[in-house]
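J.: okay, sequence plus prediction incoming.
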Amino acid sequence: MYKRILCVCVFCLTLTASLFTGCSGGTDETVSSNHTDKRRTTTSDCLVPAASGTETYGNDIVSIDTSNKSDGYIMISYTGSVEKVKLQITAPDNTVYSYNLRLGNYETFPLSGGDGTYLISVLENVNDTMYAMSFSQEITVTLSDEFRPFLYPNQYVWFTPDSQAVALGKEISENSSNDLDYVEQIYRYVIEHITYDDDLAANVQSGYLPNVDKTLSSGTGICFDYASLMASLLRSQGIPTKLVVGYSGDAYHAWISVYLKEIGWVNDIIKFDGKNWSLMDPTLAANNSNSSVGKYIGDGSNYIVKYSY
């Protein structure tokens, strides 16, 4: 196969870079939600991605399964011999999402740019920051539901039905009065039970991926681990959740946005400003008639999204 040599900047996880800086604790802006005897409906089964094999592309070393693209994800397997391999997913708005591919099993990647044409490219490292195109394919996507990409697990937010995080989500949900209360409780749980790992942050390598169950078991993690764990707890309980990296004013930071049925998308409900995690006052989020909530809910003018996972 003719290989076009491309100069690709080694992508050190834009998300990871923004989350490696200190986050030893949250600047807690919350007040207690109004707890009642009413309980939210706990989701018993989380979504599981599958390489169904009904629509595939690839060559002898790359397999791209797009069978479930309408659910907002694709699955890719690389079986070549090159150690450093990149995946680039160019969304319909030309935003380029870059990932590291690992050898062997299928991995799941989101189609978070909505409906339209995506370009899927797999590149093998040639030398330093030089990569060669190994395979590329355009696909056309029509989502069955706009929320699906933000409910399934993916490489950055990975969980399975057997995950400790899924079991924990069920336990917390059973003691939550509604979705907003659940968001507050998972935030508090993570902030209170996970300690920032300074040693890991100082020595973390490019391509680091969180492991939510390891984070829970060790009780430690870097900010990428915090964000992935929170998103996993929310998604596994059927709450559409975006792990977002972008700008708020001039500040580059990360935040978690959730979709609440009574309100819609609540941007920045959990955020990381480069130093601390914080939670929006849940009463503010709940009261969408309050004029002050406009800075969080509505046109999104305070937020410039760079990547959504």
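T.: Here it is on my side, so go on.

J.: and Thr41, how far from Tyr106?
T.: Counting by C-beta to C-beta, to the nearest Å, the gap from Thr41 to Tyr106 is 31 Å. All C-beta atoms are positioned from the backbone trio N, CA, C, and that covers glycine.

J.: neighbour count: those two, which is higher?
T.: More crowded of Thr41 and Tyr106, by other C-beta atoms under 10 Å: Tyr106, with 15 against 11.

J.: residues in contact with the more buried one?
T.: Ala51, Ser63, Asp65, Met75, Ile76, Ser77 (C-beta atoms under 8 Å, 6 or more residues apart in numbering).

J.: can you do 7 Å?
T.: Neighbouring residues of Tyr106 by C-beta atoms under 7 Å, 6 or more residues apart in numbering: Ala51, Asp65, Met75, Ile76, Ser77.

J.: what's the longest helix in this protein?
T.: helix 179-193 (DSSP state H).

J.: that one packs against which elements?
T.: Helix 179-193 sits against helix 164-173, helix 223-235, strand 251-260, strand 277-279, helix 282-286, with contacts defined as 3 or more C-beta pairs under 7 Å, 6 or more residues apart in numbering; DSSP states H and E.

J.: direction included, what does the next helix or strand after it pair against?
T.: Where DSSP states H and E defines the elements, the next helix or strand beyond helix 179-193 is strand 195-196. Using DSSP bridges, the strands paired with strand 195-196 are strand 220-221 (parallel).

J.: pLDDT on the host helix or strand of Asp268, on average?
T.: Assigned by DSSP H and E, Asp268 belongs to strand 264-272. Strand 264-272 carries an average pLDDT of 78.

J.: same question for stretch 278-295.
T.: Averaging pLDDT along stretch 278-295 yields 47.

J.: ok, now stretch 73-92?
T.: Mean predicted lDDT for stretch 73-92 stands at 97.

J.: straight-line length of it, end to end?
T.: End-to-end distance of stretch 73-92 (C-alpha to C-alpha, to the nearest Å): 14 Å.

J.: please point out which parts of that stretch sit buried.
T.: For stretch 73-92, a neighbour-count test (16 or more other C-beta atoms under 10 Å) marks 73-78, 82, 85-91 as buried.

J.: pull the distance from that stretch to the chain's centre.
T.: The chain centroid and the centroid of stretch 73-92 are separated by 17 Å, computed with C-alpha atoms, centre = their mean, to the nearest Å.

J.: and stretch 54-71, by the same measure?
T.: Using C-alpha atoms, centre = their mean, the offset of stretch 54-71 from its chain centre is 21 Å.

J.: try stretch 81-100
T.: From the chain centre to the centre of stretch 81-100 is a distance of 15 Å (C-alpha atoms, centre = their mean).

J.: hang on, isn't Thr140 packed against Thr117?
T.: Yes. Using C-beta atoms under 7 Å, Thr140 is in contact with Thr117, at 5.3 Å.

J.: for the longest helix of the chain, list the C-alpha coordinates in PDB.
T.: Taking C-alpha atoms only, helix 179-193 is exported to PDB below (Å, rounded to 0.1, in the frame of the first residue of the first chain):
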ATOM      1  CA  ASP A 179     -30.800  12.800  38.800                       C
ATOM      2  CA  LEU A 180     -29.500  16.100  40.200                       C
ATOM      3  CA  ASP A 181     -29.100  14.600  43.600                       C
ATOM      4  CA  TYR A 182     -27.200  11.700  42.100                       C
ATOM      5  CA  VAL A 183     -24.800  14.100  40.300                       C
ATOM      6  CA  GLU A 184     -24.100  15.800  43.600                       C
ATOM      7  CA  GLN A 185     -23.600  12.500  45.500                       C
ATOM      8  CA  ILE A 186     -21.200  11.100  43.000                       C
ATOM      9  CA  TYR A 187     -19.200  14.300  43.000                       C
ATOM     10  CA  ARG A 188     -19.000  14.300  46.800                       C
ATOM     11  CA  TYR A 189     -18.100  10.600  46.800                       C
ATOM     12  CA  VAL A 190     -15.200  11.000  44.400                       C
ATOM     13  CA  ILE A 191     -13.800  14.100  46.000                       C
ATOM     14  CA  GLU A 192     -14.000  12.600  49.500                       C
ATOM     15  CA  HIS A 193     -12.600   9.100  48.600                       C
END
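
J.: quick one: buried residues of it?
T.: Buried, per 16+ other C-beta under 10 Å, within helix 179-193: Asp179, Leu180, Asp181, Tyr182, Val183, Glu184, Gln185, Ile186, Tyr187, Tyr189, Val190, Ile191.
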